[in-house]
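>>> everything below, folded, please.
(chains A and B)
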Amino acid sequence: MKVNYSYLAEQFANSDPILEDIKKLILSGNFTLGKDLEIFEQKFAQFIKIKYAIGVASGTDALRLSLLALGIKNGDEVITTTNTFFATIGAIVTVGAKPIFIDVKDDYNINPEQIEKAITPRTRAILPVHWHGCPADMVKIIAIANRHNLPVVEDACMALGAEIKGKKMGSFGDTGCFSLHPLKPLNVWGDGGIITTDSEEIKNCLLLLRNHGLKNRDECEFYAFNSRLDPLQAIVGNHMINQVDWIIAQKIKNATIYDKALAKIPQVTIPSRDINTKQVYHNYVVMVEKRDELLSYLLAQGIDAKIHYPIPQHLQKASKLFGYKQGDLPQSELQATRIISLPVHQHLSEEQISYTAQKIAEFYK
Amino acid sequence: MRPIKVKYVNLPLQFESLQGEILPVITAVLKSGDFILGSEVINLEKKLAVYCGTQYALGVGNATDALILCLKGLGIGLGDEVITAPNSFIATAGAIVAVGAIPRFIDVNDDFNINTRLIEGAITSRTKGIIPIHLTGRPANMHAILEIAKKKKLHVIEDAAQAIGAEYYGKRVGSFGIAGCFSLHPLKNLNASGDGGIITTSDAELYEKLVKLRNHGLKNREEAEFWGYNSRLDTLQAAIINIKMNHLEMWNKRIRDIASRYQQNLAKIVKVPADQEFEKAVYHTFIIESDQRDQLKSYLLERGIETKIHYKIPLHLQPAAVDLGYKKGDFPKAEKQAEVILSLPIYPELTDAQVDFVIEQITSFHKKIK
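Below is the predicted model of the structure:
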């Protein structure tokens, strides 16, 4: 049996309605900003239950433009987690700021208990990541941020639809940043991203930041960027957003089957599941003994397991200039040697999930 | 007002003729699921490198990003100065500021391009590069620019956003500087159905750096060599451009034919751009100059002809430039041009009859005001 990690062929098997709309767009020639994008932004804001959503070129740019909109600049420090994708750190560094890495808890997310002691006079923001679709502890993080008068940018690139006590991720911080990359649950046919905010001021700033700072065709208010979500991709988003709830429900169902089956295997550690949060399992990640051997074994059995990721951000070559070393963030370093991501996407059958769990059990026998 | 007879742009016309080719490639990309840096991007990069006469071409998110990535890739940043012209699109200055550098504007010539005689006077100890713009699709004076750059050890990044296919002494733009930056924006001569950009270069070291800069600094799935951006040309857009590449030469020829029809018939009435024998402009815009510009614009619009102004406010007089310390009068040529320039419709699908109608109306306007 094959258990693939990717699923795009299945997901887009019947895309004629989307192609019809794209044809209409192409015949209209309206390829920059405009109505289709506005509709998508409204739908997205409604989904998150927030006032504004602003489409941009990627999840990376969502983070970068959010930091710029909050005035983060050269020499500032931004507190974040080492368990994240490269883009989180790239966004901080490309606005001229310095990432301050914090260790994680056993749910793989930033440990709020360690944030406060990392705050310095140069700290300008906190950037928690809802890693693998599991909400970071936003209640504690927002309390710390308020105490120190710091803005919060949520990296929700993996966490569309995730909730804490019924409130969606992306609606806790000053901004929420989402990716529409092809491998995300709400995926377009290329790069794309979107920012959520309740602040009219931040929204207005972002509208200028994504479009050269132009307040009209002739006048540039401040120097900025070109980072727009293509209307063509917004059309795809307008169709796919209807599937998100179903996709999330399927992934939660799959994760629940894994949780139950893997709980019986002593060599597998499942992260604690907080009953107040709704995780969306962008990746289904557990900690295992003999990780590398298990990975090879599963691959040989046709199960497309992955590692997200073997090297934490503070130990990347690119991080050398920040002066971190092995041992600085022990929890994340340990996780990096033991985590494994199992296929969990919405097109998997119960049989495929059980097969995967069964192969893991067999490996340890 | 009468209905529009000659639109300034008319993209639907282009697509009506190409939809039979374009829709199937969209479906093919969709079926492949190869949405990010897919084979269509690689094919396009190969084609464009050959077309521009460079070793490499690289698809990026847009032309603004192309400039930003080149500046970053060359190590130009905080406190450095970059010399450029004040009559470009805002993105040229925006890219310089985005990397922390300072744009140093110098005035332009009658051909709207940077006045190379003024470059040396603007060079300071902090100057790291020159970004000449091939504005309107007409090559800047690259021989003089390269000579100064060589003497002063400065990088030259060509802003060729408007100039795909333009030639200077038989060589295509984008192949003169260490890098060339092209736009695939929907309104360009070679246009995507969304944002897109291309960087050309023959410098292997810069190329390797740019490949990582556009993709998070990644050297493989797991390791970042340095911190970068996400700025990739979508596979879907590359597939569309690959089709249009087959038509580009024909389109540019048609655009040049229209330009020459305008030139022949308007030269006696208004100031028109004219190629010199060593260059081949591709007329992304065809800009005439008239002292009664605003009246002429209204007159044409009343007769169903759309025109534009590229651009009304020079970069050094924008609200965004206030901290750079320029004032009105600093660049008299560019400032004067901003008051008299008018862009006429020019795209391959315009008919000769439409072009003649535009000529006729401009002629009749000037008869009336005499």
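>>> chain B contacts on the stretch 101-250 of chain A?
A:181-182, A:189-191, A:212-214, A:218-228, A:230-233 (CB under 8 Å from any CB of the partner chain). Quick note: C-beta positions are derived from backbone N, CA and C, even for glycine.
>>> buried ones only from these, please, as a ChimeraX command.
With 16 or more other CB atoms under 10 Å in any protein chain shown as the criterion, this ChimeraX line picks the buried residues out of those:
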select /A:181,182,189,190,191,212,213,214,219,220,222,223,224,225,226,227,228,230,231,232,233
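>>> helices - which of the residues of the stretch 101-250 of chain A next to chain B land there?
A:231-233 (DSSP state H).
>>> can I get these in a markdown table including pLDDT and distance to residue A:311?
Converted to a markdown table, those look like this (pLDDT from 0 to 100; distance: CB to CB, whole Å):
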| residue | pLDDT | distance to residue A:311 |
| --- | --- | --- |
| A:231 | 98 | 38 |
| A:232 | 97 | 35 |
| A:233 | 98 | 31 |
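>>> nearest to residue B:300 among those?
Nearest to residue B:300 among these, counting by CB to CB, is residue A:231 at 29.4 Å.
>>> the residue lying closest to that closest one once chain neighbours are set aside and chain B, how far apart?
Among residues not flanking residue A:231 along the chain, residue A:36 sits closest, at 4.4 Å (CB to CB, 6 or more residues apart in numbering or on different chains). Going from residue A:36 to chain B by CB to the nearest CB, to the nearest Å gives 11 Å.
>>> assign residue A:36 to helix, strand or coil.
Under DSSP: H, G, I helix; E, B strand; the rest coil, the three-state class of residue A:36 is helix.
>>> ok, it - contacts?
Residues in contact with residue A:36, defined by CB atoms under 8 Å, 6 or more residues apart in numbering or on different chains, are A:25, A:30, A:231, A:234-235, A:238.
>>> same question for residue B:274.
Residue B:274 neighbours (CB under 8 Å, 6+ apart): B:263, B:267.
>>> what pLDDT does the model give residue 150?
I'll assume chain A. Note on residue A:150: pLDDT of 98.
>>> could you do chain B instead?
So residue B:150 comes in at 98 (pLDDT).
>>> that one belongs to a helix?
Yes: counting by three-state DSSP, residue B:150 is located in a helix.
>>> most neighbours among the contacts of residue A:36, which one?
residue A:234 (28 neighbours; other CB atoms under 10 Å in any protein chain shown).
>>> helices of chain B, start to end?
With DSSP H as the criterion, chain B has helices spanning B:11-32, B:39-52, B:63-73, B:90-98, B:119-122, B:142-152, B:204-213, B:235-266, B:293-302, B:332-340, B:352-369.
>>> now these in a markdown table, with mean neighbour count and distance to residue A:138?
Output for the helices of chain B, formatted as a markdown table (neighbours: other CB atoms under 10 Å in any protein chain shown; distance: least, CB to CB, whole Å):
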| stretch | mean neighbour count | distance to residue A:138 |
| --- | --- | --- |
| helix B:11-32 | 16 | 37 |
| helix B:39-52 | 19 | 38 |
| helix B:63-73 | 29 | 32 |
| helix B:90-98 | 26 | 31 |
| helix B:119-122 | 14 | 51 |
| helix B:142-152 | 16 | 52 |
| helix B:204-213 | 19 | 33 |
| helix B:235-266 | 19 | 35 |
| helix B:293-302 | 16 | 54 |
| helix B:332-340 | 17 | 50 |
| helix B:352-369 | 16 | 59 |
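>>> out of those, flag the one nearest residue A:310.
Nearest to residue A:310, of those and by CB to CB, is helix B:204-213 at 18.8 Å.
>>> which other residues reach the closest one?
B:55-56, B:58, B:69-70, B:72-74, B:178-179, B:199, B:201, B:218-219, B:225-226, B:228-229, B:231.
>>> can you give me the angle it makes with helix B:63-73?
120 degrees (axes from the mean of the first three to the mean of the last three CA atoms, to 10 degrees).
>>> check what pLDDT residue B:3 gets.
Taking residue B:3 on its own, its pLDDT is 73.
>>> what is the burial count for residue A:106?
14.
>>> over to it: give its phi and psi.
phi -80, psi 0 (degrees, to the nearest 10).
>>> residues touching it, list them.
A:269, A:271-272, A:331.
>>> most neighbours out of the residues you listed, which is it?
residue A:271 (19 neighbours).
>>> determine the three-state secondary structure at it.
Residue A:271 - assigned by three-state DSSP - is coil.
>>> residue ranges with poor pLDDT in the stretch 51-200 of chain A?
For the stretch 51-200 of chain A, no stretch has pLDDT under 70.
>>> and the strands in chain A?
All strands of chain A, identified by DSSP state E, fall at A:52-56, A:77-81, A:98-102, A:123-127, A:153-155, A:163-164, A:167-168, A:175-179, A:193-197, A:268-269, A:277-278, A:284-288, A:339-342.
>>> now render these as TSV, adding distance to residue B:108.
Output for these, formatted as TSV (distance: least, CB to CB, whole Å):
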stretch	distance to residue B:108
strand A:52-56	33
strand A:77-81	41
strand A:98-102	40
strand A:123-127	40
strand A:153-155	41
strand A:163-164	56
strand A:167-168	52
strand A:175-179	40
strand A:193-197	37
strand A:268-269	66
strand A:277-278	59
strand A:284-288	57
strand A:339-342	56
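>>> out of those, the one nearest residue B:10 is which?
strand A:52-56 (26.1 Å).
>>> the closest one - contacts with which helices or strands?
helix A:35-48, strand A:193-197, helix A:200-209 (3 or more CB pairs under 8 Å, 6 or more residues apart in numbering or on different chains; DSSP states H and E).
>>> deepest-packed of the ones you listed, please.
strand A:193-197 (a mean of 29; mean count of other CB atoms under 10 Å in any protein chain shown).
>>> which neighbours in the sheet does that strand have, and how are they oriented?
strand A:52-56 (antiparallel), strand A:175-179 (antiparallel) (DSSP bridges).
>>> could you check the angle it makes with helix A:200-209?
Going by the same axes, to 10 degrees, strand A:193-197 makes 160 degrees with helix A:200-209.
>>> distance between strand A:193-197 and the chain's centre?
12 Å (CA atoms, centre = their mean, to the nearest Å).
>>> so it versus helix A:35-48, what angle?
50 degrees.
>>> give me the contacts around strand A:193-197.
With CB under 8 Å, 6+ apart, strand A:193-197 has contacts from A:40-41, A:44-45, A:48, A:50-62, A:65-66, A:157, A:170-171, A:174-180, A:203, A:206, A:229.
>>> follow-up on the earlier one: in CSV: the helices of chain B, plus distance to residue B:160.
As requested, the helices of chain B are exported to CSV (distance: least, CB to CB, whole Å):
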stretch, distance to residue B:160
helix B:11-32, 21
helix B:39-52, 8
helix B:63-73, 9
helix B:90-98, 11
helix B:119-122, 18
helix B:142-152, 11
helix B:204-213, 16
helix B:235-266, 13
helix B:293-302, 27
helix B:332-340, 20
helix B:352-369, 26
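>>> among these, which comes closest to residue B:159?
It is, among those and with distance given as CB to CB, helix B:90-98, at 5.3 Å.
>>> average model confidence for the closest one?
For helix B:90-98, the per-residue pLDDT averages 98.
>>> can you get me a residue count around residue A:217?
9.
>>> so who does it touch?
Contacts of residue A:217 (CB under 8 Å, 6+ apart): none.
>>> at 10 Å what do you get?
B:308-309, B:311-312 (CB atoms under 10 Å, 6 or more residues apart in numbering or on different chains).
>>> do residue A:68 as well
Applying CB under 10 Å, 6+ apart, the residues near residue A:68 are A:61, A:91, A:94-96, A:205-206, A:209, A:222, A:224-225, B:98.
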